[in-house]
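Here is my input; please provide its structure:
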Amino acid sequence: MAQRYTDYDRVAVVTGSDSGIGEAIAVALAQAGFDVGVTYRSDKAGAESTAEKVRAAGRRADVRALDLTGLPGAAAVVDELADALGGLGVLVNCAGTGISAPVVDTGYEQWREVLAVDLDGPFLCAQRAARRMRAAGRGGRIINITSVHEHAPRVGAGAYCAAKGGLGLLTKVMAQELAADGITVNAVAPGEIATEMTGNEDVDPHTVDRPGIPAGRPGDANEVAAVVAMLAGPAAAYVTGSSYVVDGGMLLMGPQAGSHLTSGEWRNG
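Numbering: from 1, shown residues only. This next block holds a predicted model:
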């Protein structure tokens, strides 16, 4: 009979959790009973604010700086936080960056920075987490925050799409390789979410009109966090290698370009 992996450490590390989606994930995991390691690249105050919200939920928090352009050494933060909090049951790779430039105009340094933060960093952090979880022998969860552009291209975002597409396939390979250890590996792929990165921070997404998205609005960071919390829980032990799209139906629009339509006339056929 296969071993049951239901006692993994109630400790989560969430990269890029100083604001936006990462902050929402850290708080949601705290509310689900996890101590949380919080990381930031430059916004230390934001990371400390996230940590206070984790503590307000009754859980422990620790904060570390993490600059994923400083690889491979920067990924050691995963182990530092696991040591500080006494274990590691969940890793959420949320730190990310992007540029807006046609491929022919993208400089090599720009390309390398996006690939480092959005693909190399998650690879190295997930590798450290997997080794630690495997050694502990209690299973675990690795969740990679990708994007709808894991699945669909976007003009002017070649580096970002390449990184997110690569992370999507890395997720599937790791899911195959780690399943026998009780470690699930999944992706969560947000569409337009009302955060600073999309120019909508501190805006109620229900007040923003997006006629080309079936839901008619951007998403809320808490709606992404809820999916992550589900995947992080013991009940999701049989879910691995999947990519959960959280986009209000944007990808369903296909060539109708859901995020760019300016009216709802498409609804009339």
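
For Tyr5, give me its contacts.
Each residue near Tyr5 by CB atoms under 8 Å, 6 or more residues apart in numbering is listed here: Arg138, Gly139, Gly140, Asp181, Gly182, Ile183, Ala237. In short, each C-beta sits where N, CA and C put it, glycine included.

what does stretch 22-36 rub up against?
Residues from elsewhere that reach stretch 22-36 (CB under 8 Å, 6+ apart): 10-17, 38, 46, 49-51, 53-54, 57-61, 85-86, 89-90, 92, 94-95, 145, 221-222, 224-226, 228-229, 232-233.

So what's the gap between that stretch and the chain middle?
Centroid separation for stretch 22-36 versus its chain: 13 Å, with CA atoms, centre = their mean, to the nearest Å.

I'd like the average pLDDT over that stretch.
Mean pLDDT, stretch 22-36: 98.

in what helix or strand does Pro211 lie?
Counting by DSSP states H and E, there is no helix or strand that carries Pro211.

Grab the nearest non-local neighbour of it.
Gly264 (4.1 Å; CB to CB, 6 or more residues apart in numbering).

pLDDT below threshold where in the stretch 51-200 of the chain?
196-200 (pLDDT under 70).

Where do the strands of it begin and end?
61-65, 90-93, 140-145, 183-190 (DSSP state E, counting those that start in this stretch).

highest average neighbour count across these?
Stretch with highest mean neighbour count among those: strand 90-93 (a mean of 30; mean count of other CB atoms under 10 Å).

Please identify the pairing partners of it and their relative orientation?
strand 11-14 (parallel), strand 140-145 (parallel) (DSSP bridges).

Okay, angle between the helix or strand following the shortest one and strand 140-145 too, please.
Reading on from strand 11-14 to the C-terminus, the next helix or strand found by DSSP H and E is helix 20-31. For helix 20-31 against strand 140-145, the angle between stretch directions is 160 degrees (axes from the mean of the first three to the mean of the last three CA atoms, to 10 degrees).

Can I get the helix or strand following helix 20-31 as CSV, trimmed to CA atoms?
Per DSSP H and E, the first helix or strand lying C-terminal to helix 20-31 is strand 35-40. The C-alpha coordinates for strand 35-40 follow below in CSV (Å, rounded to 0.1, in the frame of the first residue of the first chain):
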residue,chain,number,x,y,z
ASP,A,35,3.7,29.7,9.4
VAL,A,36,5.1,31.8,6.5
GLY,A,37,8.5,32.8,5.2
VAL,A,38,8.1,36.2,3.5
THR,A,39,10.6,37.5,0.8
TYR,A,40,11.0,40.8,-0.9
